[in-house]
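Chemist: 3D, please:
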Amino acid sequence: MKREVRMEEISDGKLYGPEDMVRAGCGGCEGCSACCRGMGSSVVLDPLDIYRLNILGKVGMDELFSGYLDLHVEDGLILPHLKMEGEGEACGFLDENGRCRVHPFRPGLCRLFPLGRFYEDGGFRYFLQVNECRKTSRSKVKVKRFIDTPELERNERFVADWHYFLLGVQDFLKGEEGRERARDVNTALLKLFFFAPYEGERDFYEQFYERLEAGRRLIGK
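Modeler: So this is what the prediction gives:
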């Protein structure tokens, strides 16, 4: 999704690849859970996040969407995000000690923080958000190690394809046909990518690209 900000205001002015070293190491976030609180609707989930939480983390779909997620509308597009509620507006996956109960299966934006993604030319590079993390003595770590994501090359391709697909959907919804079909399109995309369970015995990326083709046909792409 697009963020209308100036990179020099939020980053160290550098762009990073998976093999680069970046000062993002937080020592396991020991004693801190600030980035899991008060985040509003900013922790938006993608289809892989649903797969991880449901298939790998064993969180039932009904439980996931009734207890931990909300739906958010931005530029006409409806997407799920982590729900922040209760005292301190905390993520529901935090335990009583402020630790993540689904850490091995946490969403992609949680894995990324305090890094962000700068999209260009059909792909993206990473940048360091310098004002977001409260840890002041961060260590240098290789980007791909910090993100801790299996099959990173496939994952990066998925992330980019999902991002640019969503931009295409947003453009479609701004047109005359899209405005007339907005509710039906959003309902269909939510069901296609988020509500319809993924098969645990099948490769996630294969399932995603099958659904992506169906999504592109839905908006005539």
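Chemist: can you give me the offset of stretch 127-138 from its chain's centre?
Modeler: 19 Å (CA atoms, centre = their mean, to the nearest Å).
Chemist: Arg117 looks like it's in a strand, true?
Modeler: Yes: the assignment for Arg117 (DSSP: H, G, I helix; E, B strand; the rest coil) places it in a strand.
Chemist: Give the phi and psi angles for the residue nearest to it when sequence neighbours are not counted, as a check.
Modeler: In space, and not counting its chain neighbours, Arg117 is closest to Phe124: 4.5 Å by CB to CB, 6 or more residues apart in numbering. All C-beta atoms are positioned from the backbone trio N, CA, C, and that covers glycine. Main-chain dihedrals, Phe124, degrees, to the nearest 10: phi -160, psi 160.
Chemist: Next one: Phe124 relative to Arg157, how far apart?
Modeler: In this view, Phe124 and Arg157 are 10 Å apart by CB to CB, to the nearest Å.
Chemist: With Pro18 instead?
Modeler: Taken as CB to CB, the span from Pro18 to Arg157 is 12 Å.
Chemist: got it, and Cys36?
Modeler: From Cys36 to Arg157 the distance is 28 Å (CB to CB).
Chemist: Compare the two (neighbour count), which wins?
Modeler: Cys36 (24 against 15; other CB atoms under 10 Å).
Chemist: Where do the helices of this protein begin and end?
Modeler: Assigned helices in the chain, in chain order: 7-10, 47-51, 61-63, 108-112, 143-147, 152-174, 176-190, 204-218 (criterion: DSSP state H).
Chemist: Throw those helices into TSV and include distance to Val73 and mean pLDDT, thanks.
Modeler: Formatted as TSV, the helices of the chain follow (distance: least, CB to CB, whole Å; pLDDT from 0 to 100):
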stretch	distance to Val73	mean pLDDT
helix 7-10	24	68
helix 47-51	18	98
helix 61-63	21	95
helix 108-112	18	94
helix 143-147	28	94
helix 152-174	11	97
helix 176-190	8	95
helix 204-218	18	97
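Chemist: right, and those helices - which one's nearest Gly27?
Modeler: Shortest separation from Gly27 across these is recorded for helix 143-147, at 12.0 Å, computed as CB to CB.
Chemist: Name all residues that make contact with Gly25.
Modeler: Listed by CB atoms under 8 Å, 6 or more residues apart in numbering, the contact set of Gly25 reads Arg138, Ser139, Lys140, Val141, Phe146.
Chemist: Which members of the residues you listed are positioned in strands?
Modeler: Mapping the contacts of Gly25 onto strands (DSSP state E) picks out Ser139, Lys140, Val141.
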